[in-house]
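Visitor: Sequence and predicted model, in that order:
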Amino acid sequence: EREHRAVPLTIGVVSVSVAIAVLVAVHAPRELTALVVAMLGGLVVVLVMTRSWKVSIHTSVAAGFLGILLVVYGPWALAGTAMLAAVAWSRTVLDAHTWPQVVVGAAIGFAAAVTVFPALR
């Protein structure tokens, strides 16, 4: 239920924000901090969108992972597209999401990863 997602997602945003503060405080590697900030960016967009539409968080995370791999390892990482397709397919077969919800979730995760991560890396 879309209505039940706001509280756990808000707790997630707060938790990830605390993690970022800890990473900064302990002078964690810049790439690790950039990765977690990119995750936070995607999570915030999903939280905002969830108020009106139930996008797939699973495909958002999978596409974000693929985006990070693409930035770090280059075009070879696109072999991971099969993993993203499997996650997307599973969400629709389980009737958890429609194809548009899966595609938009993936777009959010990928966009957050390939814009935020390289900028902060």
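Guide: Okay, I see it.
Visitor: List the residue ranges of this structure that fall below the pLDDT cut-off.
Guide: Where the chain drops to pLDDT under 70, the residues are 2.
Visitor: repeat that with 90
Guide: 1-7, 9-10, 46-47, 50-54 (pLDDT under 90).
Visitor: starting at the chain centroid, how far to the helix or strand harbouring residue 18?
Guide: Per DSSP states H and E, residue 18 falls inside helix 6-25. Here the centre of helix 6-25 is set off from its chain's centre by 14 Å, with Cα atoms, centre = their mean, to the nearest Å.
Visitor: Next secondary structure after that helix?
Guide: helix 30-50.
Visitor: For the closest residue in space to residue 13 that isn't next to it in sequence, which residues are in contact?
Guide: Computed as Cβ to Cβ, 6 or more residues apart in numbering, the closest residue to residue 13 that is not its neighbour in sequence is residue 43, at 5.7 Å. Where you see a C-beta, it was placed from the backbone N, CA and C, and this is true even at glycine. Residue 43 is in contact with 9, 12-13, 16, counting by Cβ atoms under 8 Å, 6 or more residues apart in numbering.
Visitor: go again using 10 Å as the cut-off
Guide: Contacts for residue 43 were tallied using Cβ atoms under 10 Å, 6 or more residues apart in numbering; they are 9-10, 12-13, 15-17, 57, 60-61, 64, 108-109, 112.
Visitor: ok, now residue 11?
Guide: Contacts of residue 11 (Cβ under 10 Å, 6+ apart): none.
Visitor: any idea how far it lies from residue 91?
Guide: Distance, residue 11 to residue 91, using Cβ to Cβ, to the nearest Å: 22 Å.
Visitor: Please apply the same query to residue 22.
Guide: 32 Å.
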